[in-house]
Every structure is written in C-alpha cells, then in structure tokens.
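1. Need coordinates for the below:
(chains A and B)
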Amino acid sequence: MNNEQDPRLELDPDAEARVTDALDCLGTVEPPAEFVGQVMWRTKHQALKQNSQRRAARQTGEGTDMAKKVLIGVIGIAAAGLLVAYVFGFPPASHTEGTIGAAQRYQAEQIKKSDVTVSNPELQAFMQTDTFDKLIHDKQALAALANPEVAAALANPSFVAALANPNFQMALAAPEVRDALASPQIFQALAAPELHSALADPKFQASLSAQGAQAALAASPALKNALANPALYQAMMSPAFQLAMSNAAFQQAMLSPSFQLAMAAPGLQQAMLSPAFQLALSSSALQAALGSPQFVQGLAAQGFVNQLSLQAQGLAASGLAASGASESK
Amino acid sequence: MNRNSEDDSALVRQCLAGDQAAFEPLVERYHRPLFNLAARLLGSRDEALDSTQNAFVKAYQNLASFDQGQRFFSWIYQILRNECLNVLRSRRPSAPLTDNMVAQGSPADAFDEEQRRTAVQAALMALPDEQREVVLLRHFTELSYDEIAVSTGVPVKTVKSRLYSARQRLATLLSNERSS
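-> Numbers count the residues shown, from 1 in each chain, chains lettered A, B, ... in the order given. Have a look, this model is predicted:
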C-alpha cells in the first residue's frame, strides 16, 4: 500500500509541524445523536417504497389494478391526497427524483373520476377540483399514495379539516414548506397525533404561512428536527409567537443558523411554552433585539437557553407572568 | 484487506440479501469520519449533515454496484464527494462558509481555541476544493495515497503534489494569521 510521502514534496520541519498542529486543533465535529436513526429510517422507507412499487407493478400484470383500489381507499379515508401531492411536488418537483425515482417505472392504468364513488360531500367537492384532477394523473403521487405507511400516517380526520383551510393551502403552496414536509424529520413527525392536531389548527397554519418561517424551514435541518417536538409547535400556536412572526426583524432572525439552533434546543422550546416568555416575545424591544446578529448568537448559547428556561419556569410559577400580561393591556 | 473491510463486505452481502438492518453497523462505523470530512470540506454543519445523510441513502440504494474488492469507506466517500461538489457548485459566492463548526470540548480556554479553529477552518476554505480534499483525506482518514487517488479519481502523483501545494499554502496562510 503506497503510504510514503515523496521527500521532495515535504515542507520544512517547522512548517510541517505548524500545519499538522493546526489540523489537529480542528478536532472532531460531532454529528447529531439521531443521525444513524434518521439514515436507517430513510433507508427503511426506501426499501418499503421499492417493495410496494414492485408489488403494484406485479398486480397490474394480473389484471387487477390494485393501485387504483388503494387510491380509492385512501381517498375514502381522507382527502389527504392533496397533502401528499404537495409533499411530493405538484407538478412533480425535479429534486424528488432521487427519493422516489423508481416510481417513474410505475405502469398502472390511469384512474378516472368515474372510478371513485364516495358519499361524503366534502370529498365530492374535493374531487371536482383541479387539484384532484392533477392528482389522479400524477404517477408519483399515485405511487406515494399506494404506500401503506403514507396512507396510515395521513389517515387522520384533522387533515381533512386542515385541507379546507386557505392558510394551510397557502402554506403548502410555498416550495420551502413542501420541501420541509418532504424531509425525513418532518415525515417522521407526521406520524405523531399531536402534529396532526397542530396542522389542523388555524393558528399553526398562520405561523407556517409566515415568510420567515418558510425560509427558515428550508434552510435548517435543525429546525425541521425541532418541528418534530410538540413543544415547538405548541409554542407556534401562541398569539405572541404569531405576532412576533409578523415582525420583519424576527423573520430575519429566523434565517440565522444560530437562531435555528436555539429554536432546536429543548430548553428554549420549554421556555417558549411559558406565558412569561410569550409575553416577552410580544415586546417590541425584544423583537428589535432579535434583529441583532450578536443577540441571536447569544440566544443560541446553551447556558443562556438553560437560564432562560429556568427563569421562565420560575416566573410562571410565581404568577408574575399573569400580572405582567394584565399590565401590558 | 483488513478485518473491517471483510466485515463491511459481509454486511453489504447481508443487505443485498434483504437484511436492511445490516446497513446500520456500516452507518455507525462511518458516519463520524464522513460527516467530519463533509463539514470540513463544506465549512457548514447543516450542509454536511444533509450531504452525509444523502450519501448513505444513495449508497444503500446502489449497494449492488459496490465492488467488494474495494474498501467500503473509499466507495461511500466517492458518493459523499459528489454530494459535496454539488453543494459547492450550487453555492452562491457570497454564502457564509462557516456556522456551528465548533468541535466539542471543555469550556476552559474555549475562546482561544475557538478562534484558532475558526482561523484554521478559514485557511482550509481558502484552499482550492481539490487541495482541501486531499489534505482532509490524508489528515483525517486512514486512506493510503493509492486509496486517496482512487477516491478522488486522480493519479497518486497528482494526490501528492496537491497535498504538497495545499500544506505549503496552509503554512503560509497560518503564519500570516499568526503574525496579524
């Protein structure tokens, strides 16, 4: 094995030592603890997807269009197809080719509107929309819907209500939100009933529609991870958080990696739930401070987050938060 | 081939036989060095995270094409390398190069250490991509020159000369940094 350096290509010993020391000082950057789990989750779903596509292709050959039946069943459960269609790109986004590229080999016969008979008026109305029309002609969306895990995760009545809400539809129309929803972290979070309820809540949808939130979601895997935590999306439903989201400085702050890291810290998420923190969030002084990169960087410091969490809990316990809220009125 | 390589090949065979869980020890074994290489190549923790995860998923999808006479690490590094090159190509020239790149350690002397790490990472980022790559592979992995040559797709001679130029440039950059 060739491991010998050519002596003619060596620096002088001082320079050599300086470079080696410098590289040594870089140390190790620790990957997140959930890294292995996330990769395994993605590979497992990849394998399941490939298996279900193979099965669907086989069944087509037998003359029974099973995929068509699965689709009808899924639509019967919920009109969550709209969400799936958005998640996987509508029209299909080019960057999804790597993840469900095999779906392009799917050869199922196209479903017709007449194949689907449902009695629910909301679903009938949905079936008249252009979205439904596009959905049943989108092979990638059909393949996604045929995945039993996708169907199970989306078979929740809260989604049906969420789909009817214009805020939610507007949020889903943003490519950043669609990309975030397609991420493994969010997809994993979709299985949590708490997130189903949050997605159906107009306040959460309003937060998701904020421009800063969309850009931040697009930029940060850490924030996507954080969204899998119920504490964050509960906080996002608070009026103070929504008020802050409409503030330009806050939106700008959300784009900062330090802020996104801070948002992902469990301590800060806990603190965000406290009335005291939410009261502070609605103050224009804090919103202005959030516009400062130094402040935002400080916010990401673990010590500060821990302290903030302790103080917020203390304030809430002593009732100061409540009196502060009444003074602010 | 060393013992790890034999283990790796056995695990790959198990995966190919349908045992998805056999992929986990491979991820466990290599995610740290690969993530570190990506982080140092890209100068961004978030981008490194995405690139490394994508590399593992793509490796899993394409396990059938893995030549079992080769080291698994060299093979998956080539996938990661393409991911990183795509990120570098798509990056706007003004995009920030460093964020959250601080290594874990004790809080003592953290400020000085962090400043030094920042300076070294900045010096690395100032190198051309191909020089940075060979420095990182040589310093942070156990790959031989031959393996680096295979992983980067250039002759061994080129690896050595890139390494020499890179270290020379780093020495200059770091001495400038120290004097300023």
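
2. doesn't residue B:8 make contact with residue B:23?
-> No: with contacts defined as C-beta atoms under 8 Å, residue B:23 does not count as touching residue B:8, sitting 10.9 Å away. Bear in mind the C-beta positions are built from the backbone N, C-alpha and C, glycine included.

3. in what helix or strand does the spatially most central residue of chain B lie?
-> Among the residues of chain B, the smallest C-alpha distance to the mean C-alpha position (C-alpha atoms, centre = their mean) belongs to residue B:37, namely 2.3 Å. For residue B:37, the host element (DSSP states H and E) is helix B:23-42.

4. Indicate whether that helix makes contact with chain A.
-> Yes: remark: helix B:23-42 sits within contact range of chain A at B:23-24, B:27-28, B:31-32, B:35-36, B:39-40, by C-beta under 8 Å from any C-beta of the partner chain.

5. Report the mean confidence score over that helix.
-> Averaging the model's pLDDT scores along helix B:23-42 yields 95.

6. packing partners for it?
-> Helices and strands touching helix B:23-42, as assessed by 3 or more C-beta pairs under 8 Å, 6 or more residues apart in numbering or on different chains; DSSP states H and E, comprise helix A:35-61, helix B:3-16, helix B:45-61, helix B:72-90, helix B:129-140.

7. okay, those in JSON lines with mean neighbour count next?
-> As requested, these are exported to JSON lines (neighbours: other C-beta atoms under 10 Å in any protein chain shown):
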{"stretch": "helix A:35-61", "mean neighbour count": "17"}
{"stretch": "helix B:3-16", "mean neighbour count": "16"}
{"stretch": "helix B:45-61", "mean neighbour count": "23"}
{"stretch": "helix B:72-90", "mean neighbour count": "19"}
{"stretch": "helix B:129-140", "mean neighbour count": "20"}
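
8. Could I have the CA atoms of the helix or strand of chain B with the lowest mean pLDDT written out in PDB?
-> Per-element confidence for chain B was summarised using mean pLDDT, DSSP states H and E. The lowest value among helices and strands belongs to helix B:110-126, with a mean of 84. Extracted C-alpha coordinates of helix B:110-126, given in PDB (Å, rounded to 0.1, in the frame of the first residue of the first chain):
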ATOM      1  CA  ALA B 110     -12.700  27.900  24.800                       C
ATOM      2  CA  PHE B 111     -12.500  31.300  23.300                       C
ATOM      3  CA  ASP B 112      -8.800  31.000  22.200                       C
ATOM      4  CA  GLU B 113      -9.400  27.500  20.900                       C
ATOM      5  CA  GLU B 114     -12.400  28.500  19.000                       C
ATOM      6  CA  GLN B 115     -10.600  31.500  17.500                       C
ATOM      7  CA  ARG B 116      -7.800  29.100  16.400                       C
ATOM      8  CA  ARG B 117     -10.300  26.600  15.000                       C
ATOM      9  CA  THR B 118     -12.100  29.300  13.100                       C
ATOM     10  CA  ALA B 119      -8.800  30.600  11.700                       C
ATOM     11  CA  VAL B 120      -7.700  27.100  10.600                       C
ATOM     12  CA  GLN B 121     -11.100  26.300   9.100                       C
ATOM     13  CA  ALA B 122     -10.900  29.700   7.200                       C
ATOM     14  CA  ALA B 123      -7.500  28.800   5.900                       C
ATOM     15  CA  LEU B 124      -8.800  25.400   4.700                       C
ATOM     16  CA  MET B 125     -11.700  27.100   3.000                       C
ATOM     17  CA  ALA B 126      -9.200  29.400   1.200                       C
END
